[in-house]
Each structure stands twice: as structure tokens, then as C-alpha cells.
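Visitor: Structure of the sequence below:
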Amino acid sequence: MTTPRSTSGGLVWLCLAPLFYSALSVSAKLAGSHLSVWQISVGRFGLGLLVVPIIVKVLGLSLWGRQRFLLTARGLCGATAFLLLVAAFQKIPLSIAMVLFYLYPAITAILSPWVTGEPTAKIAWPFIGSAFIGTSLVLWPFEASVAFNLGHLFAVCSSLLCALTLLLVRKLGRENNIYTLFFYLCLTGTLAGLGPLLMQELPILPASTAAWFGITAVAVFSIGAQLSINQALVRIPAAKVSVVMTVEVPLVACFGVLILGEPLSWHFIAGTLLIFSSGTALNLMPVRSN
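Guide: Next comes the predicted model:
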């Protein structure tokens, strides 16, 4: 039973989670001008790979967990989703990439019956359709201010992999602790970025103070984001956490438009509202099991 004290503590973590995730997205975008995708990946996941085993040992928990094949698959999906999102940040405006990435609640609802055995309610389909209409508006070439390129495709693919990751987390979370899930994400993410990093022509280590600051910000905000959302989920129902996490979308989009001077158009606003409202509605729906 959740006590008032634990609930109040959960609210603090719940407020911090979207702030940390927004800071992570913004820092990854800004770091992209100084670092390669592989440097950002190793920076983000490498710190977690060092920290998580220490936490697990202190708490006396299992590190390697059960269903290791699926744990590895989940880690690969999550790490690849992050790599694609960072690549999208480097090719298209931050605001557009973030909105397209937030298509994942609709994709999650579509894939849920096959991955977790939780059927999609009939009432969810209008919201799923609305989210895809919103995506069409964001991608539609009404103007030439942002030409369609691989960045848009990267953001959508990242959203697809994020949805699959969330479903695998839900499935694997029944038999594994949250730190084991995070460990596999960090392990696969570090390995996925380390190979290309060693083969790239650019210097392996950051070559400037700004680059070091950027990779440090990505790593620290990543740990803060993971810790805060895990602590919130322990104390507050997942549905409420998911709804509050949608705050990340307008926060990051506003930063892109107001601070970075990214283009703003009517079809981007309309598409954003459709995707954002549909994702919120889907997160509010109760989960049903077969």
C-alpha cells in the first residue's frame, strides 16, 4: 500500500523526470555540433554501465536477471532508438524530431497485443489514427523551410523502437528489477557505439572544452532521467507517470522554437496538437490483459 509520504516523494521525482529528459534531449541536440553520434552514445551509456553494478551490489539485487536474450534485445532496441534520435537531432530541427518521436504511444498501442498480450481497446483506434494524421501534417511539404530528409525517417524509426522497448520493459519487468533493465540498456548501448567510435576518422575523445561539457551533460542528465522516472514509477501508477512525461514534448519544442530559432508553421502546430493530445489520451487509457 502506498503511504502519503511515499506518494509525496514520488511527486517530486515525477516533476523531475520530464525536466531531466528534456535536458537530455536538449543537451544531445547541442552536443551534436561538437560530437559524433557514437561519442554521445558512449558518453550516455558508459557512465550508466559503471554506476549501475555498484548500485545493484549495494542493494543486494541480481544484475544479470532472467530471460537474458529478451533483455539484450530490449537493450539493443532502446540503444538504437537513442542513436537514431540523436542522428535526427543533427539533421532536422529539435522541435520536429521530438514531436515525431512522440508518435510512440500510438505505435505502442498497435504492437501491444503481439508483444505483451494486452489487447488494444476499440476506443483507442481513433486516437491512433489522429496521431498518424498529425505525423502527416508535420511531414507534409507545405513549405521548403525544412526539406524532408533522413532525419525525419530517423525520428519515426526511433519512435517505433521506443514503443517496442517500452513493451519489452513491461514484459521483462515482471521478473527483473529496474536496475537490471537499465544495465542491459547501458551495456548494449556502449558496445553499439564503441565499435564505430574506434573506427571513425575523428578523434575518439572530445577535442574541445565545449565537447567535454556536452558529453558530460548528456551522461549526467541520462542518469538523472532514469533514476527519477524509476523512483516515480515505484510510488505512482504508471498511467499517471506517462501522462506527466508528455510535458517533455512542449518543453523541448519550445526550446527549439524560442531559443534555437527553429521554424514554426501552422501545419507543425496542428500536427503537434494532434500527436500530443492523442498520446495523452492513449496513456490515460487503462491496460487490459487477455
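
Visitor: any weak-confidence spans in the stretch 1-150 of the chain?
Guide: Judged by pLDDT under 70, the stretch 1-150 of the chain has its weakly predicted residues at 1-9, 141-146.

Visitor: Mind doing that once more with 80?
Guide: For the stretch 1-150 of the chain, the stretches with pLDDT under 80 are 1-10, 115-120, 139-148.

Visitor: show me where it has helices.
Guide: Remark: helices assigned in the stretch 1-150 of the chain by DSSP state H, counting those that start in this stretch are 4-31, 37-59, 68-91, 94-101, 104-115, 124-139, 150-172.

Visitor: Of all these, which one comes closest to Ser277?
Guide: helix 124-139 (7.4 Å; CB to CB). All C-beta atoms are positioned from the backbone trio N, CA, C, and that covers glycine.

Visitor: what residues does the closest one touch?
Guide: Residues outside helix 124-139 that contact it (CB atoms under 8 Å, 6 or more residues apart in numbering): 96, 99-100, 103, 105-106, 109-110, 120, 148, 152, 156, 267-268, 270-279, 281-282, 285.

Visitor: before we move on, the earlier item: in TSV: the helices of the stretch 1-150 of the chain, plus distance to Glu201.
Guide: Converted to TSV, those look like this (distance: least, CB to CB, whole Å):
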stretch	distance to Glu201
helix 4-31	19
helix 37-59	12
helix 68-91	17
helix 94-101	26
helix 104-115	34
helix 124-139	33
helix 150-172	20
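
Visitor: which stretch among the ones you listed comes nearest Thr190?
Guide: Thr190 lies closest to helix 37-59 among the helices of the stretch 1-150 of the chain, at 4.5 Å (CB to CB).

Visitor: Please list all residues in contact with Leu70.
Guide: Leu168, Lys171, Leu172.

Visitor: Next one, pLDDT for the last one please.
Guide: In this case it means Leu172. Leu172 is assigned a pLDDT of 86 by the prediction.

Visitor: just checking, it touches Thr72?
Guide: No: the pair Leu172 / Thr72 is not scored as a contact, 10.6 Å apart, by CB atoms under 8 Å.

Visitor: Could you check which of those two is surrounded by more residues?
Guide: Leu172 (20 against 13; other CB atoms under 10 Å).

Visitor: Report the contact partners of that one.
Guide: Gly65, Gln67, Leu70, Leu71, Arg74, Leu181.

Visitor: now do 10 Å
Guide: Counting by CB atoms under 10 Å, 6 or more residues apart in numbering, Leu172 makes contact with Gly65, Arg66, Gln67, Arg68, Leu70, Leu71, Ala73, Arg74, Thr180, Leu181, Tyr184.

Visitor: Let me know how buried the fourth one is, in neighbour terms.
Guide: Burial of Arg68 is recorded as 13 neighbouring residues (other CB under 10 Å).

Visitor: quick one: pLDDT of the closest residue to Gly134 other than its chain neighbours?
Guide: Distances taken as CB to CB, 6 or more residues apart in numbering place Leu274 nearest to Gly134, at 3.0 Å, with adjacent residues excluded. For Leu274, the pLDDT comes out at 87.

Visitor: sorry, back to before: please identify which of the helices of the stretch 1-150 of the chain is closest to Arg235.
Guide: Nearest to Arg235, of all the helices of the stretch 1-150 of the chain, is helix 4-31, at 2.9 Å by CB to CB.

Visitor: any idea of the angle the closest one forms with helix 94-101?
Guide: 120 degrees (axes from the mean of the first three to the mean of the last three CA atoms, to 10 degrees).

Visitor: If we go by neighbour counts, what in helix 4-31 is buried?
Guide: Buried residues in helix 4-31, counted by 16 or more other CB atoms under 10 Å: 9-10, 13-14, 16-31.
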